[in-house]
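**Q** Test case, fold it:
(one chain, ligands or ions: 1)
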Amino acid sequence: MTYENILVETRGNVGLITLNRPKALNALSAGLVKDLGAALDVFEGDANIRCVVLTGSEKAFAAGADIKEMVGFDYMDAYLKNFITDGWERVTTFRKPVIAAVAGFALGGGCELAMMCDFILAADTAKFGQPEINLGTIPGAGGTQRLTRYVGKSKAMEMVLTGRQIDAAESERAGLVSRIVPAADLVEEAIKTAQKIADLSLPIVMLAKEAVNRAFETTLAEGIRFERHTFHSTFAIEDRKEGMTAFIEKRKAAFKHR
Ligand code: CAA
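**A** Numbers count the residues shown, from 1 in each chain. Predicted coordinates for the structure are as follows:
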């Protein structure tokens, strides 16, 4: 399949999607978001792909929704098109892990897209921000909700109300990113991390992802109950038996993803 706005490769059992609208700093146009959704559909259906890395360029992961595309919208355009819903939310329904590898600007919808991923690896050049307030609007792809859950109210409120960008070090201190790597190593490090996940049992990894995500959608007691049931259900999966047996037999587990 060929795409106009992204590059798609596979590295072993890892799918790599590179946002590729360099002239617009990967602004998230309708075409780009459609391509992204289509590529994720293909990876979701490909049993050989067990983790995905989503990245941009050295200068920008993505500089936000495409301002030139939406400048002329009125309320009816935005509402009737359900703007920033279709395609945009495909990352959040993708069941295998997705790692965002962010170098340069991740602003507005770019920051929101990174936050939809399961975790963010940041290059030391990364800059995160929700500058929509400067455009006379507010974040529309989950920024007010997800950023607040990642970094807490005070920093999220300051970022959303002032548009202040935070650098890689501040984003790591705030818990927005899992860790920082040198920019030159970002994509390879993300692929290495993804391959580590891809070497594990896919159904177990999917259950673990679902359980962590439940923490953001429920009470602690419900979340713990969900985790306990999910943990119990791993005993119905062949790979659970293989994992524990391999440990006892002091050998590497040979997971069958079943
Ligand atoms: N939409 C459309 N085009 C964009 C864009 C965007 N979000 N961001 C950058 N571009 C375009 C610029 O218009 C410019 O195109 P031209 O060469 O045709 O003029 C090109 O990309 C390069 O950008 P700059 O010349 O501005 O590059 P810079 O290095 O001077 O600045 C920047 C980089 C600070 C990221 C600056 O481009 C910028 O502020 N971009 C907008 C960031 C923003 O406001 N994002 C939020 C968008 S709204 C949103 O995302 C809503 C939501 O919640 C989903």
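
**Q** Not including adjacent chain positions, what is the nearest residue to the spatially most central residue of the chain?
**A** Ranked by distance to the mean C-alpha position of the chain (C-alpha atoms, centre = their mean), the top residue is residue 117 at 1.4 Å. Excluding its sequence neighbours, the residue lying closest to residue 117 (C-beta to C-beta, 6 or more residues apart in numbering) is residue 100, at 3.8 Å. Heads up, the C-betas are built off the backbone N, CA and C, glycines and all.

**Q** what about the helix or strand where the one you found lies and the ligand, touching?
**A** Under DSSP states H and E, the secondary-structure element containing residue 100 is strand 98-102. No. For a cut-off given as C-beta under 6 Å from any ligand atom, strand 98-102 has no contacts with the ligand; the smallest distance is 13.2 Å.

**Q** Packing partners of the helix or strand that that strand is followed by?
**A** For strand 98-102, the succeeding helix or strand toward the C-terminus, using DSSP H and E, is strand 105-107. Secondary structure elements in contact with strand 105-107, counted by 3 or more C-beta pairs under 8 Å, 6 or more residues apart in numbering; DSSP states H and E, are strand 60-62, strand 127-129.

**Q** Highest average neighbour count across those: which stretch is it?
**A** Among those, judged by mean count of other C-beta atoms under 10 Å, the one packed with the most neighbours on average is strand 60-62 (a mean of 28).

**Q** Against which helices or strands is that one packed?
**A** Counting contacts by 3+ C-beta pairs under 8 Å, 6+ apart, strand 60-62 is packed against strand 98-102, strand 105-107, helix 109-116.

**Q** Select, out of the helices and strands packed on strand 105-107, the one closest to the ligand.
**A** For the ligand, the closest of these is strand 60-62, at 6.4 Å, according to C-beta to the nearest ligand atom.
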